[in-house]
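Chemist: what's the 3D shape of this:
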Amino acid sequence: MHVAVYLPLLLSALAAPSARILTARCEPRAATWLLTASAVVLAAAGTTSLALLAATGLIRFPPLAALGHWSLQIAQRDDPAELSVAVVAGVLLVAATLAAALLLWRRVRALAANTMDAGHPPSSDGLIVVDDPAPEAFALPHLPGRPGRVIVSTGMLDVLDETERDVLLAHERAHLEHHHHLFLALAQVAAAANPLLRPLAQAVAYTIERWADERAASATGDRGRVARTVGKAALAARRNAVHLAISGLSVRRRAPRGPGPVPRRVAALLAPPTGGRAVPALITAAVLLTAVCSTAEAARDLHILLELAGA
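Modeler: Next up is the predicted model:
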């Protein structure tokens, strides 16, 4: 347990390079699955490691030791972590649990409270057109008692021609069909529990857009047209954001380093499709398996320690 309990936490430091490699070398669907699985597994393993470390500190307190019939002398002699480490782990565990629970609660409330389709009956294919000059388009996921909806503003429809509208709708419907909101929610909750995993959540937000782009390209048979539509819609949305900033209605944000997600999406659509890459997937599986096995080994060692202390 001296080493195994810390390994899942150390593996979380690989999130940033892993996100870059998987995003660049895997096709979007596979990358989304691998990134989301990595975030969930590493968050779960890391949280379990914190719980195990916190438990090594709890057995040192006389009231708890008496309750469990554990020997304080044996527990202190064989305990794999210093008491200060156990206390820090306990604090981090509480913070991680609260952060993940708070984010999950906010997402559930946001979905439940979303009334964008109120007063706007959808068409037979689930499309809702909202009379709004701001160029916007997004998908509302399925909820109990409500099917998925695609919301498009009149401002966005005015920007695009007929074929570009088909591309836009194919993109948004791909989000609904493949339940992309679930991938993003899982990755964001994992990142809330472990801030080191934020690059994975950010990468998932990008790869689900790429996934939807590729589905739109397959549906329309024209990657170049999808690339133009993505760029055109993003430019319209940016113009609207600039207008809001000039009007004092938006918050100024720091410009991102390097190419933004939209230029990267356009470049990917103009390039040949990315094929399946087995090596990144195998390496990712090996890392996740190591995290799981390390956590299991640490749990086994703690169980042995409790048995010795209770003998």
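
Chemist: which residue ranges form the helices in the chain?
Modeler: Applying DSSP state H to the chain gives helices spanning 7-11, 15-25, 28-58, 62-68, 72-78, 83-113, 154-159, 162-177, 180-193, 198-220, 223-246, 261-270, 278-310.

Chemist: Between those helices, which one is closest to Leu127.
Modeler: Closest approach to Leu127 among these (C-beta to C-beta): helix 162-177, 6.7 Å. C-betas here are computed from N, CA, C, even on glycine.

Chemist: what angle separates the closest one from helix 223-246?
Modeler: 90 degrees (axes from the mean of the first three to the mean of the last three C-alpha atoms, to 10 degrees).

Chemist: buried set for helix 162-177?
Modeler: Neighbour counts using 16 or more other C-beta atoms under 10 Å place 164-176 of helix 162-177 among the buried residues.

Chemist: list the helices and strands that helix packs on?
Modeler: With contacts taken as 3 or more C-beta pairs under 8 Å, 6 or more residues apart in numbering; DSSP states H and E, helix 162-177 sits against strand 137-140, strand 149-153, helix 198-220, helix 223-246.

Chemist: could I get these as CSV with mean pLDDT, mean neighbour count and distance to Gly46?
Modeler: What follows is the helices and strands packed on helix 162-177, written out as CSV (pLDDT from 0 to 100; neighbours: other C-beta atoms under 10 Å; distance: least, C-beta to C-beta, whole Å):
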stretch, mean pLDDT, mean neighbour count, distance to Gly46
strand 137-140, 86, 19, 31
strand 149-153, 88, 22, 36
helix 198-220, 95, 22, 12
helix 223-246, 78, 17, 35
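
Chemist: Make CSV out of the helices of the chain and add distance to Ala134.
Modeler: Shown next, in CSV, are the helices of the chain (distance: least, C-beta to C-beta, whole Å):
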stretch, distance to Ala134
helix 7-11, 43
helix 15-25, 30
helix 28-58, 28
helix 62-68, 58
helix 72-78, 62
helix 83-113, 19
helix 154-159, 5
helix 162-177, 15
helix 180-193, 22
helix 198-220, 20
helix 223-246, 5
helix 261-270, 18
helix 278-310, 39
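
Chemist: How confident is the prediction for the residue nearest to Ala96 when sequence neighbours are not counted, by pLDDT?
Modeler: With sequence-adjacent residues excluded and distances taken as C-beta to C-beta, 6 or more residues apart in numbering, Ala96 is closest to Ala193, at 4.3 Å. Reported pLDDT at Ala193 in the predicted model: 94.

Chemist: got it, and the one 3 residues further on?
Modeler: For Leu196, the model assigns a pLDDT of 95.

Chemist: That one contacts Ala13, doesn't it?
Modeler: Yes. Using C-beta atoms under 8 Å, Leu196 makes contact with Ala13 at a distance of 6.1 Å.

Chemist: rewinding a little: among the helices of the chain, which one carries the weakest average confidence?
Modeler: Among the helices of the chain, helix 72-78 scores lowest, with a mean of 56.

Chemist: returning to what we had before: minimum distance to Pro17: which of the helices and strands packed on helix 162-177 has it?
Modeler: Ranking the helices and strands packed on helix 162-177 by their distance to Pro17 (criterion: C-beta to C-beta) puts helix 198-220 first, at 8.5 Å.
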